[in-house]
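Colleague: the following block contains a protein sequence and its predicted model.
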Amino acid sequence: MLKFSLKSALYQVPGIWFLIFRCRLQIEYDLIRKKTHDAVFGRAHVFTRQLLNLLGVKVEVSGLENLINKPAIICQNHTSIMDIPAILHTVNGKLLFCGKDELFKIPVFGKGIETLGMVKVYKEDKKTWKVLSEAAKDIKATESGSEALTPYLVIFPEGTRTKDEDYKMGEFKRGMFSIAVKHNLPIIPIASYGGLDITPKGTWIFNKGTIYEKVLAPIYPADYGEVSIKEKSTKIQDDTRKRINDGLGELIKAHGNRKTDTNFTN
């Protein structure tokens with residue numbers, strides 16, 4: 001059962017739904033005016049800024065020099081529901097998030113994320129793998145121009161949010177890394193710290209605070225030589241996990257108010 005605070009129930013949650021409803025109306029108006037998909041997607045970035053202001057959440061970013069301006073897969077550790085607005089704040093592109101089938105059935109919200117092109121995933125692994133592979137193929141084929149938004153497929157490789165107070169990551173699922181190898185898409189690892197303190201898992205309680213995002217050096221499947229897809233995807237999975245793990249350790253040492261001597265070499 002979700003936990004609410006009086007503040008979240010009376011102010012924050014109604015405010016969030018107001019922003020969602022207004023954004024949906026603006027998207028429909030954009031479609032009537034036959035705006036480009038990039039212009040329509042820009043509503044997601046506007047919504048993000050408004051949401052962060054409403055909740056009193058700041059996002060501090062480092063490592064932006066590692067953010068390549070070409071189709072790629074973004075991998076980030078998963079700490080809270082605030083991870084999505086944090087990435088939208090960090091990356092100025094067409095960010096395609098993966099959402100459970102049930103999310104697309106939510107009134108107002110579901111149609112909005114479908115219009116923006118978010119990726120619907122299912123409980124069946126094979127069906128989900130096929131959908132994600134098609135999404136990866138589509139962004140790889142996107143022609144980028146000087147004014148076009150760069151497409152990125154965003155995944156949280158743990159598959160669920162952490163409950164660990166020290167932000168220890170769960171195991172990574174290998175499927176997305178196999179897709180990266182299959183379509184030769186770079187992976188951009190991002191380490192995130194602070195979200196768990198703002199919105200603990202299992203709650204609709206939003207605390208004011210700062211989320212720290214560190215963009216890490218990209219990983220290119222072509223750099224791993226001529227080995228099998230399974231071997232290459234396993235190595236990329238391990239390297240991505242280590243890179244995020246190291247970046248997370250740096251963020252906690254710099255900004256953490258808990259233990260700073262935590263061992264991040266899982």
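Modeller: All right, it came through fine.

Colleague: from now on I want contacts and neighbour counts done on CA atoms only, so please keep to that.
Modeller: Will do.

Colleague: how close does the spatially closest residue to Gly170 that is not a sequence neighbour get to Lys168?
Modeller: With C-alpha to C-alpha, 6 or more residues apart in numbering as the criterion, Gly170 has its nearest non-adjacent residue at 5.5 Å, and that residue is Glu158. Using C-alpha to C-alpha, to the nearest Å, Glu158 is found at 11 Å from Lys168.

Colleague: could you do Gly249 as well?
Modeller: 10 Å.

Colleague: which one's more surrounded, the two?
Modeller: Between Gly249 and Lys168, counting by other C-alpha atoms under 10 Å, Gly249 is the more crowded of the two (25 against 19).

Colleague: which pLDDT does the model give that one?
Modeller: pLDDT, Gly249: 95.

Colleague: check Thr210 too.
Modeller: Per the predicted model, pLDDT is 96 at Thr210.

Colleague: in contact with it, which residues?
Modeller: Counting by C-alpha atoms under 8 Å, 6 or more residues apart in numbering, Thr210 makes contact with 57-60, 194-195, 198.

Colleague: is the closest residue to it other than its chain neighbours in a helix, a strand, or coil?
Modeller: Once flanking residues are discounted, Thr210 sits nearest to Lys58: 4.6 Å by C-alpha to C-alpha, 6+ apart. Counting by DSSP: H, G, I helix; E, B strand; the rest coil, the backbone at Lys58 sits in strand.

Colleague: Lys58 reaches Leu51, doesn't it?
Modeller: No - when contacts are counted by C-alpha atoms under 8 Å, Lys58 is not listed as touching Leu51 (10.5 Å).

Colleague: the two: who's more crowded?
Modeller: Higher neighbour count among Lys58 and Leu51: Leu51, with 19 against 16, using other C-alpha under 10 Å.

Colleague: what helix or strand does that one sit in?
Modeller: Element membership of Leu51, judged by DSSP states H and E, is helix 37-55.

Colleague: list of residues touching that helix?
Modeller: 12, 15-16, 19-20, 23, 26-27, 30-31, 58, 85, 88-89, 92, 94, 116, 148-149, 206-208.

Colleague: Produce a PyMOL select command limited to the buried residues of the residues you listed.
Modeller: Buried residues among the contacts of helix 37-55 (16 or more other C-alpha atoms under 10 Å), as a PyMOL selection:
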select buried, resi 12+15+16+19+20+23+27+30+58+85+88+89+92+94+116+149+206+207+208
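
Colleague: just the ones in helices from the contacts of helix 37-55, please.
Modeller: 15-16, 19-20, 23, 26-27, 30-31, 85, 88-89, 116 (DSSP state H).

Colleague: what's the most distant pair in those residues?
Modeller: Largest separation among the ones in helices among the contacts of helix 37-55 by C-alpha to C-alpha: Gly15 and Leu31, giving 24.5 Å.

Colleague: tell me the buried residues in the lengthiest helix in the chain?
Modeller: Ordering each helix of the chain by length in residues (DSSP H) puts helix 229-255 first. Neighbour-count burial for helix 229-255 flags 229, 232-237, 240-252 (criterion: 16+ other C-alpha under 10 Å).

Colleague: which strands and helices sit next to that helix?
Modeller: helix 175-182, strand 187-193, strand 209-215 (3 or more C-alpha pairs under 8 Å, 6 or more residues apart in numbering; DSSP states H and E).

Colleague: and the second one, what does it pack against?
Modeller: When you say that, I think you mean strand 187-193. strand 72-76, strand 209-215, helix 229-255.

Colleague: okay if I get the ones you listed as TSV plus distance to Val108?
Modeller: TSV is the format used below for those (distance: least, C-alpha to C-alpha, whole Å):
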stretch	distance to Val108
strand 72-76	27
strand 209-215	28
helix 229-255	34
